[in-house]
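*Asks:* could you look at this predicted model? Sequence included:
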Amino acid sequence: MTSEYEEIDILIKDDDTIESDNPFLEIKKPSNKRSYKRKKEEDEINRKNSKIFWKNILDHPIGRKEVWTILQETHAFEDRFACGPNGFPQSEATWFHAGEQAYGLRFYHKLMGLHPQAMVIMHKENDPRFLDIEGI
């Protein structure tokens with residue numbers, strides 16, 4: 001007769017063997033240097049294509065307007081605190097808004113790193129706080 005602890009140990013051991021046999025849980029590593037190098041080259045090409053794509057978007061006035069719209073929809077440049085109809089704070093909604101803002105700021109900073117001149121032009125074209133600034 002087995003005790004409770006022995007049964008649990010047997011279940012844990014059985015689960016371990018199932019996980020190791022499961023092909024979906026394995027981390028695929030490149031099988032050789034050539035495939036590793038090819039994967040690395042593909043990643044670099046994808047990174048370069050992404051940079052070219054976003055630079056082309058930001059070089060066009062319509063692209064800058066659309067990026068500005070995305071930033072406005074994510075409320076990247078404002079802090080929002082939600083409250084219910086009776087004025088009581090709604091923490092869940094506030095955290096949701098904080099997540100939207102965080103996404104917008106990450107997107108903004110990524111684009112700012114790729115093409116800062118176009119981002120300044122975007123602000124000058126769309127942001128009312130930048131309209132009166134000369135020399136930008």
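*Replies:* Thanks, I have the structure now. Since this is a predicted model, take the numbers as computed values, not measurements.

*Asks:* from here on, contacts and neighbour counts on C-alpha atoms
*Replies:* Fine.

*Asks:* now do the contacts for the residue nearest to the spatial centre of the chain.
*Replies:* The centre of the chain sits closest to residue 103, judged by C-alpha atoms, centre = their mean, with a distance of 6.3 Å. Contacts for residue 103 (C-alpha atoms under 8 Å, 6 or more residues apart in numbering) come out as 74, 76.

*Asks:* give the other helices and strands that the strand or helix carrying residue 54 contacts.
*Replies:* In this assignment (DSSP states H and E), residue 54 forms part of helix 33-59. With contacts taken as 3 or more C-alpha pairs under 8 Å, 6 or more residues apart in numbering; DSSP states H and E, helix 33-59 sits against helix 61-73, helix 91-114, helix 116-126.

*Asks:* separation between residue 120 and residue 80?
*Replies:* 24 Å (C-alpha to C-alpha, to the nearest Å).

*Asks:* show me where pLDDT drops low in this structure?
*Replies:* Residue ranges of the chain with pLDDT under 70: 1-31, 132-136.

*Asks:* now with 50?
*Replies:* 5, 7-9, 11-19 (pLDDT under 50).

*Asks:* how about residues contacting stretch 119-131?
*Replies:* Here stretch 119-131 makes contact (C-alpha under 8 Å, 6+ apart) with 58, 61, 64, 65, 68, 111, 112, 136.

*Asks:* right, and the first one touches residue 66 too?
*Replies:* No. Under the contact definition of C-alpha atoms under 8 Å, residue 58 does not touch residue 66, with a separation of 9.3 Å.

*Asks:* neighbour count for those two, which is higher?
*Replies:* residue 58 (24 against 14; other C-alpha atoms under 10 Å).
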